[in-house]
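Chemist: have a look at this fold, sequence not included:
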């Protein structure tokens, strides 16, 4: 059976434990990269990750983008929304469809 994990700074992710998700607090990018690889190898199908951590692990996250699992979903942290989550969705849709059907080439910041 597939599992769901949440990674990021402690303040941003501990609320997810109340929902029954596995939480992995970390502020260290190198440690988080190792943890991400272990989670991917151990049956985690969905990994929610704070936007700031996902940005720090961009090469590692991109490694899993073309694989079926795990799906790595950026979420806002306690510091707020950086827009990285929407950029990730845009990149994934563009890769899947072959063109930008969400924003039609419009700059996200001009909206």
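Modeler: Nice, thanks for sending it over. Just so it is clear, the model here is predicted, and its values are computed rather than measured.

Chemist: residues contacting whichever strand or helix holds residue 46, please?
Modeler: Under DSSP states H and E, the secondary-structure element containing residue 46 is strand 44-50. Residues from elsewhere that reach strand 44-50 (Cβ atoms under 8 Å, 6 or more residues apart in numbering): 2-9, 12-13, 16, 21-22, 36, 39-40, 57, 61, 69-77. Backbone N, C-alpha and C define where each C-beta goes, glycine included.

Chemist: how far out from the middle of the chain is it?
Modeler: On the basis of Cα atoms, centre = their mean, to the nearest Å, strand 44-50 is displaced by 6 Å from the centre of the chain it belongs to.

Chemist: what helices or strands is the next helix or strand after that strand leaning on?
Modeler: Using DSSP H and E, the next helix or strand after strand 44-50 towards the C-terminus is helix 51-56. Under the contact criterion of 3 or more Cβ pairs under 8 Å, 6 or more residues apart in numbering; DSSP states H and E, helix 51-56 touches strand 3-8, helix 29-41, strand 71-75, helix 84-97.
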